[in-house]
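J.: Just need the structure, nothing else, for what follows:
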Amino acid sequence: MHLAVIDMQRVFADPDSPWATPGFAAIVEPVSALVAAFGDDVTFTRFVAPAAPAGAWRAYYAQWPFALASPDAELYRLAAPFVADSTVDATTFSKWGPELAARVGGSTLVLAGVSTDCCVLSTAVAAADAGVPVQVVADACAGVDEESHRAALHVLGLYAPLIEVVDAASLR
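T.: Numbering: from 1, shown residues only. Alright, predicted model coming up:
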């Protein structure tokens, strides 16, 4: 099994950020415990802005102009206490692609992080479409609000047996 920690970044942790995820602080401990348990089989991902948005992303960044910043900007750094020697960065909601696929190999992809209803969901569905078994750790994910988190978990559960919604205790 390989753990992908999705977008535990300052832009989602900071309560003053337009992209604040209210449940972020509540999942720091369970995500930290998963990171410790998975050891070297962990990948941190980051959502970053493209240099020049194209297609539908132009309208997206017109709505969120603060986010058009360099990948090295403070808002895109991992939030404390998380650190990583390297990250898989993507300008898309899904982090599934050749780089993450290479790290996962033929094992099960375990997902934790934010937000359940956006980047976690998008990554899970893309990986499942590629034939990778996916487990989403419900109590180590947070959505834009609790209702959206629960709704996303419900939708992810509809993808069974490709995607399994689990809790952290079941992975121990």
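J.: Doesn't Y61 belong to a strand?
T.: No. Using DSSP: H, G, I helix; E, B strand; the rest coil, the assignment for Y61 is helix, not a strand.
J.: Count residues in the vicinity of it, would you?
T.: 15 (other CB atoms under 10 Å). (Each C-beta comes from the backbone N, C-alpha and C, glycine too.)
J.: from here on, count from 8
T.: That works, and once the first residue is 8, the last one we named lands at Y68.
J.: Can you give me every residue that contacts the closest residue to K102 other than its chain neighbours?
T.: Excluding its sequence neighbours, the residue lying closest to K102 (CB to CB, 6 or more residues apart in numbering) is T52, at 4.1 Å. Residues in contact with T52 (CB atoms under 8 Å, 6 or more residues apart in numbering) are 11-14, 94-97, 102, 107, 120, 126, 130.
J.: so how far is the helix or strand harbouring E36 from its chain's centroid?
T.: Using DSSP states H and E, the element containing E36 is helix 31-45. How far helix 31-45 lies from its chain's middle: 13 Å, per CA atoms, centre = their mean, to the nearest Å.
J.: swap in stretch 97-107?
T.: The answer for stretch 97-107 is 10 Å, by CA atoms, centre = their mean.
J.: Which positions in it come out as buried?
T.: Residues of stretch 97-107 classed as buried by neighbour count (16 or more other CB atoms under 10 Å): 97, 100-103, 106-107.
J.: Count the neighbours of S129 for me.
T.: So S129, with other CB under 10 Å, has 18 neighbours.
J.: what about the helices in the chain?
T.: 17-20, 31-45, 64-70, 105-111, 128-136, 153-164, 175-178 (DSSP state H).
J.: Let's have the ones you listed in TSV, adding distance to Y83.
T.: Formatted as TSV, the helices of the chain follow (distance: least, CB to CB, whole Å):
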stretch	distance to Y83
helix 17-20	6
helix 31-45	15
helix 64-70	14
helix 105-111	17
helix 128-136	17
helix 153-164	22
helix 175-178	26
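J.: who wins for proximity to A80 among those?
T.: helix 17-20 (8.8 Å; CB to CB).
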